[in-house]
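# coords please:
(2 chains)
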Number of protein chains: 2
Amino acid sequence: MQRIRIKQALNAEAGMDQALVKGWVRTRRDSKAFSFLEINDGSCLKNLQVIVDADSPAYGNLGEITTGYAVAVTGSLVESPGKGQKWELKADSLSLVGEADKDFPLQKKRHTDEFLRGIAHLRPRTNKFGAIFRIRSEVSYAVHKFFRDRGFFYVHTPIITGSDAEGAGEMFRVTTLEPGRAGEDLFSEDFFGKEAGLTVSGQLEAETFATSLGNVYTFGPTFRAENSNTPRHAAEFWMIEPEMAFADLNDNMDLGEDMVKYMVGHLLDNCADDLELFAKFVDKTLMPTLETMAKADYVRLPYTEAVEVLKASDKKFEFPVEWGMDMQTEHERYLCEDHFKKPVIVYDYPKEIKAFYMRLNDDDRTVGAMDLLVPRVGELIGGSQREERLDVLKKRLEELEMEEAPYWWYLDLRRYGSVPHSGFGLGFERFLMAVTGVTNIRDVIPFPRTPKHLEF
Amino acid sequence: MQRIRIKQALNAEAGMDQALVKGWVRTRRDSKAFSFLEINDGSCLKNLQVIVDADSPAYGNLGEITTGYAVAVTGSLVESPGKGQKWELKADSLSLVGEADKDFPLQKKRHTDEFLRGIAHLRPRTNKFGAIFRIRSEVSYAVHKFFRDRGFFYVHTPIITGSDAEGAGEMFRVTTLEPGRAGEDLFSEDFFGKEAGLTVSGQLEAETFATSLGNVYTFGPTFRAENSNTPRHAAEFWMIEPEMAFADLNDNMDLGEDMVKYMVGHLLDNCADDLELFAKFVDKTLMPTLETMAKADYVRLPYTEAVEVLKASDKKFEFPVEWGMDMQTEHERYLCEDHFKKPVIVYDYPKEIKAFYMRLNDDDRTVGAMDLLVPRVGELIGGSQREERLDVLKKRLEELEMEEAPYWWYLDLRRYGSVPHSGFGLGFERFLMAVTGVTNIRDVIPFPRTPKHLEF
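Predicted coordinates:
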């Protein structure tokens, strides 16, 4: 007999005489004439209710079977008289696949997120974390589909790198030298013969591909060795970084807005059950903001005007508002949650607070940068038009006292058929937090890495 | 005027009066009455031929424009009288977007792969590397589509890890300690408070998700700090690792065969032009072997029988053939290229040459492992049914003198609703080498990382 997944069973068009279901018992409830097992196999949020009639041969095999046990059940899929499900399985036979020790920690009761982080290998067996990771998977697929449908190529930019794309210096070092090894000129003896680190962004390498294949994107892990213990920081997270040749800042804003709308729309269309859990138990404002993210025209606002809006507000901000400031999450959230009540793209930021590769505007004090802000998380996307003029770019490096030599290949792109080009980075975990209402980044990553935490 | 990509232009159903094309000049050829520009924008292998009539206003703007320059051209897309293309663009206007310095290295002549590795930031502008990286992108998409269509969830397993999934010890260390820092108990002061490394496989973590969500897969970078300078080894490469709950070795072989067939079929359907380049210039046997990979029934052969086949052959192998040996590439290639002339799945390997987590067979000397071998590269997939019996797994760890403690969470999966489960790893670069005929792994990775090489 061919096994069917519970998602298929629950969405069946008609009953089935012979269905084989395998999964884990979430709960067991016994009455005189029946036992009821709620079975989940991970394919969807909902359980399949299995009825074991005291008269059926399956009944004799029930034994100790309870929460956490793995079972295989055959029977007939019939319309359920109960509420909340269309189908239930009337068991003909039942077999035990794997027992659960008595100390199985996921007994039927509420667990704190913190407790569940300590058993990250088991937490996807809960409703909430199963839903999060199904959503994470489905949105990943949406990202690939979005770009492929638009003729973008996926590029695997390197994880181990010799260059610091942001010039920010918060990089992990990668080495094969024995720990504690001292000496001079150590790096020459290291695996790569020079200092190596974990990438903070694939952007610079993606630019080389944009100026070859046209439109490209990355989707991979990035790293920050930042010693921050906050609900928003992780040492390892995933980023999506599109990069387009022959594209200016407006094209970039269009792409960012289209992409977020597509991702949210895809989620609404494909993960309704899982989303409902978050709308019900995590954040009551979820569904209306998702609808807005999927459908509204996003506000586009120069940084200078954004600062005016913030100044004019009655809100008390922790960080003072003045032109030249790096916007904080409180400012970003005020703009999109309180003032405009929809996603906002702020552009043309002061050059002092942005990276060396952003295109200098004619005013000589702002750069063609843009951040896309959304409710719950603030900055979701950060991007810019890239400086394509060799002389201007070299001058910026000089101003910032950055060495030219490590960027020889990056500068080459401005020597050989340089073109206006643009791109951005979207923090994938921030997106997941924005669309689920989950407020701790540790709860949207399968096995989060943070200072002093490296279990599993 | 809306820009069209060259791929669209070349596949147009009808001519167009007003087309805007942007790209890079591959070649320029002048006659008295015309200039011919071959333009490429990366969207496909083929160039668009642009005709600039000496009478047209565009002609005056041609100037020094030549190989490597970026241009924008408007004109009419008309049927081409020339061979090899259906459409060409008759220019009305032409503008220079970016010059190329005279030393632009990709002048029209053949370059060696080795030379091009030194300019990995420019090589995707060549026909061969453009094709490789378009194929890499399209096959990546096929992987995601294959799994999603079958109800598998994509899991981002961690890159930085505290455990060695293979127990093989060839890991990079990840640290924030100052280089050369000596002292005792160093790791307690390191970022994670313990020794950290780059993952060699996401399998163990994927198993935790398979036993929650059912069927899952990873697709991400993995690392080996192996000091091997061969055309087959890279320090950083991408792996695809599916993992299925309630699945045995046969299900695993079915999945591997289905997956390879799907990936090759998708490639044949979607990358015909790019593949043709490899069939013509790189490996004349390419197309027939791809057809076989896509359509033949794969051979399934126990290891013990495979050894007999090798013993019976006339071929002189460098490594002697005997039961218990770890098969070498020469053996693997002999089986699928010479003997069976199609992909071969070898299963039930001696336990001594396989990892601790593979399921022990009843004979107590083999494990439920399987390798899928394909022409040109040998082992493409390595997988197994996983040991789901707690007592047997603990005994294996003991036999191998491995500590139990770091695997507490992995063992937990055998304590709480343990189920038969199976999975494998597919080396993505090996797949790309098998389907293009490219023989050096450095040429299928955007920016390859090998001992002493960390440019870009």
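
# Okay, and A:Met239 sits in which element?
Mapping A:Met239 onto the secondary structure by DSSP states H and E places it in strand A:236-245.

# pLDDT below threshold where in chain A?
A:164-169 (pLDDT under 70).

# three-state assignment of the most far-flung residue of it relative to its centre?
No residue in chain A has its C-alpha farther from the mean C-alpha position than A:Asp55, which lies at 48.9 Å (C-alpha atoms, centre = their mean). Taken by DSSP: H, G, I helix; E, B strand; the rest coil, the conformation at A:Asp55 corresponds to coil.

# Also the one 4 residues further on?
A:Tyr59 carries the three-state label helix when classified by three-state DSSP.

# next one: A:Ile135
Three-state secondary structure (criterion: three-state DSSP) places A:Ile135 in helix.

# Is it correct that it is in contact with A:Val435?
Yes. Using C-beta atoms under 8 Å as the test, A:Ile135 is close enough to A:Val435 to be in contact (7.2 Å). Yep, even glycine has a C-beta here, placed from its N, CA and C like the rest.

# Overlap in contacts, these two.
Both A:Ile135 and A:Val435 are contacted by A:267, A:275, under the criterion C-beta atoms under 8 Å, 6 or more residues apart in numbering or on different chains.

# These two: who's more crowded?
Ranked by neighbour count (other C-beta atoms under 10 Å in any protein chain shown), A:Ile135 and A:Val435 place A:Val435 first, with 27 against 23.

# What residues does the more buried one make contact with?
With C-beta under 8 Å, 6+ apart, A:Val435 has these contacts: A:135, A:139, A:264, A:267, A:275, A:286, A:290, A:293.

# Next, count neighbours for A:Lys86.
The number of residues packed near A:Lys86 is 12, by other C-beta under 10 Å.

# Which parts of the stretch 1-150 of chain A are helices?
Applying DSSP state H, counting those that start in this stretch to the stretch 1-150 of chain A gives helices spanning A:6-10, A:113-117, A:127-149.

# quick one, which of those is nearest to B:Glu226?
helix A:127-149 (29.7 Å; C-beta to C-beta).

# interface residues of the stretch 301-450 of chain A facing chain B?
For the stretch 301-450 of chain A, the contact set with chain B under C-beta under 8 Å from any C-beta of the partner chain comprises A:388, A:409-410, A:412-413, A:415-420, A:445-447, A:449.

# returning to what we had before: tell me which of the helices of the stretch 1-150 of chain A lies nearest to A:Pro343.
Proximity to A:Pro343, assessed across these by C-beta to C-beta, is greatest for helix A:127-149 (16.6 Å).

# That closest one and chain B in contact?
Yes. Figure legend: helix A:127-149 in contact with chain B (C-beta under 8 Å from any C-beta); contacting residues A:130, A:133-134, A:136-137, A:140-141, A:144, A:148.

# Distance from the next helix or strand after that helix to the middle of the chain?
Next in sequence after helix A:127-149, counting helices and strands by DSSP H and E, comes strand A:153-154. On the basis of C-alpha atoms, centre = their mean, to the nearest Å, strand A:153-154 sits 19 Å off its chain's mean C-alpha point.

# Which residue is the nearest non-sequential neighbour of A:Val21?
Nearest-residue entry for A:Val21: A:Val73, 5.2 Å, with adjacent residues in sequence omitted and distances by C-beta to C-beta, 6 or more residues apart in numbering or on different chains.

# Specify the beta-bridge partners of that neighbour.
With beta bridges defined as DSSP bridges, A:Val73 has these partners: A:Val21, A:Leu94.

# Tell me where the stretch 351-456 of chain A has helices.
Applying DSSP H, counting those that start in this stretch to the stretch 351-456 of chain A gives helices spanning A:390-399, A:408-412, A:428-436.

# if we can go back for a sec, now the helices of the stretch 1-150 of chain A in JSON lines, with distance to A:Lys316?
Supplementary listing: those in JSON lines, determined by distance: least, C-beta to C-beta, whole Å:
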{"stretch": "helix A:6-10", "distance to A:Lys316": "48"}
{"stretch": "helix A:113-117", "distance to A:Lys316": "29"}
{"stretch": "helix A:127-149", "distance to A:Lys316": "34"}
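
# Among these, which comes closest to B:Asp185?
When the helices of the stretch 1-150 of chain A are compared by C-beta to C-beta, helix A:113-117 sits nearest B:Asp185, at 26.0 Å.

# Just confirm yes or no for the closest one near chain B.
No. Among the residues of helix A:113-117, none lie within reach of chain B under C-beta under 8 Å from any C-beta; the closest is 12.2 Å away.

# hang on, the earlier thing: with the residues of helix A:127-149 next to chain B in mind, which one is nearest to chain B?
The shortest distance between chain B and any of these, using C-beta to the nearest C-beta, involves A:Ser137 and amounts to 4.0 Å.

# burial count for the closest one?
23.

# Would you mind measuring from it to B:Thr161?
Between A:Ser137 and B:Thr161 the computed distance is 21 Å (C-beta to C-beta, to the nearest Å).

# cool, and A:Gln18?
For A:Gln18, the distance to B:Thr161 equals 44 Å [C-beta to C-beta].

# of those two, who's got more company?
The neighbour comparison of A:Gln18 against B:Thr161 (other C-beta under 10 Å) goes to B:Thr161, with 27 against 12.

# Run through the residues that contact that one.
Listed by C-beta under 8 Å, 6+ apart, the contact set of B:Thr161 reads A:454, A:456, B:196-199.

# Could I get the buried residue list for the helix or strand encompassing A:Lys280?
For A:Lys280, the enclosing helix or strand under DSSP H and E is helix A:272-281. Buried residues in helix A:272-281, counting neighbours by 16 or more other C-beta atoms under 10 Å in any protein chain shown, are found at A:274-275, A:277-279.
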